[in-house]
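K.L.:
Pasting the sequence and the predicted model now:
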Amino acid sequence: MTGVDENGLGPRLGPLVATAATIGVEAYEAEAMEAAGRALGVADSKDTTAFGKMSRAESLVLAWCEREGDESGWSVDRLLDSLVLGGLARLRAPCPEGGSFAQCWSHDIGLPAFGGSADEGRRMLEGLTRFGVELKHVRSVVGCAGQLNAAFDTGLNKLDLDLQYFEMLLLEARGQVQRPLHAICGMVGGIRKYGPRFAKELGPFEVLGEERGLSAYRVERVGDIRFEVKADARHLPVALASMFGKYLREVWMLRLNRFYQEALPGLRSCSGYHDSVTRGFVDATSPIRRRLGVVNECFERRR
């Protein structure tokens with residue numbers, strides 16, 4: 001069973017992150033597994049994490065890091081290289097030189113960054129294992145402000161790009177499990193009919209149902225795909241994807257904040273969302289960005 005979700009569709013600053021988490025189970029029982037996950041602290045990231053309160057998600061990620069390699073020496077760069085499709089090479093490829101590159105890549109940060117604990121993360125994963133759930137695979141796609149703006153110039157909005165990321169993740173997950181997927185995705189932007197927009201790369205599909213709150217398809221190259229309202233609150237694999245994606249977005253924002261705080265001590269950290277602190281951050285950093293040559297397209301989303 002694979003869950004797919006996005007984080008950061010609507011902010012002013014920072015990336016859009018889509019994540020897929022695949023679990024192994026003998027039989028998928030949505031309500032029981034959601035309850036088990038919630039009891040262990042694995043739930044919708046809107047409930048379990050918030051700006052400045054990321055220790056639980058970080059603990060989960062650190063435990064995953066242990067399984068991917070040695071226990072020490074993890075940093076944001078190493079995490080991105082391991083977790084994101086295409087790794088650092090893909091993320092850095094479109095970056096302009098100079099200040100724009102430095103804004104995103106000059107401040108690597110050691111993990112943990114938010115007080116998380118690998119011990120706590122192991123407790124969460126071991127609790128899921130006792131319930132018959134094994135986290136098998138996690139991957140993300142990250143779209144920075146520059147990529148979102150460039151896509152907009154070609155006629156693609158952020159919903160189009162988000163669905164492209166979902167496609168990439170589902171194809172990758174299908175290759176990992178080597179059999180047709182059963183995938184549950186969070187609904188994107190209130191869209192009800194995904195077939196014409198979603199299946200561009202996935203081949204022929206059959207509509208199993210398109211109704212309020214649920215759209216389901218059988219896709220030749222992937223398997224069965226469902227889009228559900230509040231999927232991250234109802235389905236454990238989507239909650240896992242949501243927590244990983246939220247963490248990736250927050251460590252990205254942490255680096256952005258630290259880059260500008262080095263140039264302007266006392267600058268208040270912002271979430272990147274449409275709020276007064278973010279507005280103040282944008283205004284305060286304007287002269288710094290001009291001085292350092294940071295391209296505005298790489299800093300702030302236009303849509």
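P.N.:
Structure's in. What do you need?
K.L.:
What distance do you get for His137 to Thr2?
P.N.:
8 Å (C-beta to C-beta, to the nearest Å). C-beta: built from backbone N, CA, C; applies to glycine.
K.L.:
Which neighbours do those two have in common?
P.N.:
Among the neighbours of His137, those also in contact with Thr2 (C-beta atoms under 8 Å, 6 or more residues apart in numbering) are 20-22, 173, 177.
K.L.:
Tell me which stretches of the stretch 1-150 of the chain form strands.
P.N.:
2-7, 16-24, 134-143 (DSSP state E, counting those that start in this stretch).
K.L.:
Turn those strands into CSV, including mean pLDDT and distance to Pro94.
P.N.:
Shown next, in CSV, are the strands of the stretch 1-150 of the chain (pLDDT from 0 to 100; distance: least, C-beta to C-beta, whole Å):
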stretch, mean pLDDT, distance to Pro94
strand 2-7, 97, 20
strand 16-24, 98, 14
strand 134-143, 97, 10
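K.L.:
Could you say which of the ones you listed is packed most deeply?
P.N.:
strand 2-7 (a mean of 28; mean count of other C-beta atoms under 10 Å).
K.L.:
Report the angle between that strand and strand 16-24.
P.N.:
Orientation of strand 2-7 against strand 16-24 (axes from the mean of the first three to the mean of the last three C-alpha atoms, to 10 degrees) gives an angle of 160 degrees.
K.L.:
Other residues contacting the helix or strand bottoming out on mean pLDDT in the chain?
P.N.:
In the chain, no helix or strand scores lower on mean pLDDT, DSSP states H and E than helix 45-48, which sits at a mean of 70. For helix 45-48, contacts defined as C-beta under 8 Å, 6+ apart pick out 7, 41-42, 56-57, 232-233, 239, 242-243, 245-246.
K.L.:
Run through the helices of this structure in chain order.
P.N.:
Applying DSSP state H to the chain gives helices spanning 30-40, 45-48, 55-68, 76-83, 87-92, 99-105, 118-130, 145-153, 158-177, 195-198, 231-234, 236-263, 276-292.
K.L.:
Between these, which has the poorest mean confidence score?
P.N.:
The minimum mean pLDDT among those belongs to helix 45-48 (a mean of 70).
K.L.:
what about it, distance to the chain center?
P.N.:
13 Å (C-alpha atoms, centre = their mean, to the nearest Å).
K.L.:
Send over it as PDB, restricted to the C-alpha atoms.
P.N.:
This file holds the C-alpha atoms of helix 45-48, laid out as PDB (Å, rounded to 0.1, in the frame of the first residue of the first chain):
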ATOM      1  CA  SER A  45       1.300  16.300   9.700                       C
ATOM      2  CA  LYS A  46      -1.200  19.100  10.400                       C
ATOM      3  CA  ASP A  47      -1.900  17.400  13.700                       C
ATOM      4  CA  THR A  48       1.500  16.100  14.600                       C
END
